[in-house]
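Student: 3D model of this:
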Amino acid sequence: GTAEVQDAIDTVQEAAGLEEQTIEYLLRYQYGEQLIRKLAEAMEK
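Tutor: Purely as a prediction, here's the structure:
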């Protein structure tokens, strides 16, 4: 869901210190949401 993706985005953004535009760039990538979720999962461990 979108809220789940937003949580993942927040996690990745905070942990990696990414800018908003970096996240937007990642989301434009075909598997962006999947990628961000995986990154968030890895960072939460």
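Student: now do the buried residues in stretch 6-17.
Tutor: In terms of neighbour count (16 or more other CB atoms under 10 Å), stretch 6-17 has its buried residues at Ala8, Ile9, Thr11, Val12, Gln13. From N, CA and C alone the C-beta is placed, and that goes for glycine too.
Student: do stretch 15-34 as well
Tutor: Of the residues in stretch 15-34, Leu18, Ile23, Leu26, Gly32, Glu33 count as buried by neighbour count, 16+ other CB under 10 Å.
Student: which of those residues fall within helices?
Tutor: Of the buried residues of stretch 15-34, the ones assigned to helices by DSSP state H are Ile23, Leu26, Gly32, Glu33.
Student: mind putting these into a markdown table with distance to Glu4 and pLDDT?
Tutor: Shown next, in a markdown table, are these (distance: CB to CB, whole Å; pLDDT from 0 to 100):
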| residue | distance to Glu4 | pLDDT |
| --- | --- | --- |
| Ile23 | 15 | 86 |
| Leu26 | 16 | 87 |
| Gly32 | 14 | 88 |
| Glu33 | 9 | 90 |
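Student: among the residues you listed, which two are most distant?
Tutor: Ile23 and Glu33 (10.7 Å; CB to CB).
Student: return the member of the buried residues of stretch 6-17 nearest to Glu41.
Tutor: Using CB to CB, Ala8 is the member of those that sits closest to Glu41, with 7.8 Å.
Student: top helix in this structure by residue count?
Tutor: helix 2-16.
Student: name the helices or strands packed onto it?
Tutor: With contacts defined as 3 or more CB pairs under 8 Å, 6 or more residues apart in numbering; DSSP states H and E, helix 2-16 has these neighbours: helix 20-28, helix 32-44.
Student: who touches Tyr29 in this structure?
Tutor: Listed by CB atoms under 8 Å, 6 or more residues apart in numbering, the contact set of Tyr29 reads Leu35.
Student: looking at it now. What's its pLDDT?
Tutor: What the model reports for Tyr29 is a pLDDT of 87.
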